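Engineer: Give me a model of this one.
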Amino acid sequence: RPGVNRIALAGGQAFSALAMGTTVTWGINTAAGPAGCGLVVRAAGDTRYVLAYLDQTGGYGVSEYSGGAFEPGIFGENPALTGSSHHLLVIASGTALRYYVNGRYAGTLTVAAEGGGVAVAAVNFEPAATSCTFRDTWLWSWD
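Structural biologist: Predicted structure coming up:
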């Protein structure tokens, strides 16, 4: 289905100052349109969270979901991000959320300095068969 399909990894803690990384491999039905995988931080249930993602076209971004919609955030495209295996890293400290893809800086988004759970996610912009496999996923919190 279209949307952000999340699997929670941790919750019930502040997680406002954290680093989270993973190596993601995907299987995506490319005929259905863009889809990808990502990390969710500062999740306060289903209604408010921050998503950092990468899709199979090389599109990447970070955006805050609140009130039923995604707020403007970071977006970029790098067609050189080919293949199906990539490393994602999010570092949240205070109001700054920094995002790295394959070790390269992708941008900083300023968001509210609040805690919340963390999750991994499959991201479908259209109905598509998408699978995301997350390896060596880690979280370091210094709250």
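Engineer: Please count neighbours and contacts with C-alpha atoms only from this point.
Structural biologist: Will do.
Engineer: Now the nearest residue to residue 136 once chain neighbours are set aside: which helix or strand?
Structural biologist: Excluding the flanking residues, the one nearest residue 136 by CA to CA, 6 or more residues apart in numbering is residue 22, at 5.6 Å. Taking DSSP states H and E as the criterion, residue 22 maps to strand 18-28.
Engineer: which residues sit in contact with the closest residue to residue 16 other than its chain neighbours?
Structural biologist: In this structure, residue 16 finds its nearest non-sequential neighbour in residue 115, 4.3 Å apart by CA to CA, 6+ apart. Applying CA atoms under 8 Å, 6 or more residues apart in numbering, we find residue 115 in contact with 13, 14, 15, 16, 42, 43, 44.
Engineer: Okay, strands next: where are they in this protein?
Structural biologist: 3-10, 18-28, 35-43, 48-55, 59-66, 69-70, 74-77, 85-93, 96-101, 104-110, 117-124, 130-141 (DSSP state E).
Engineer: Please identify the most buried of these.
Structural biologist: strand 35-43 (a mean of 27; mean count of other CA atoms under 10 Å).
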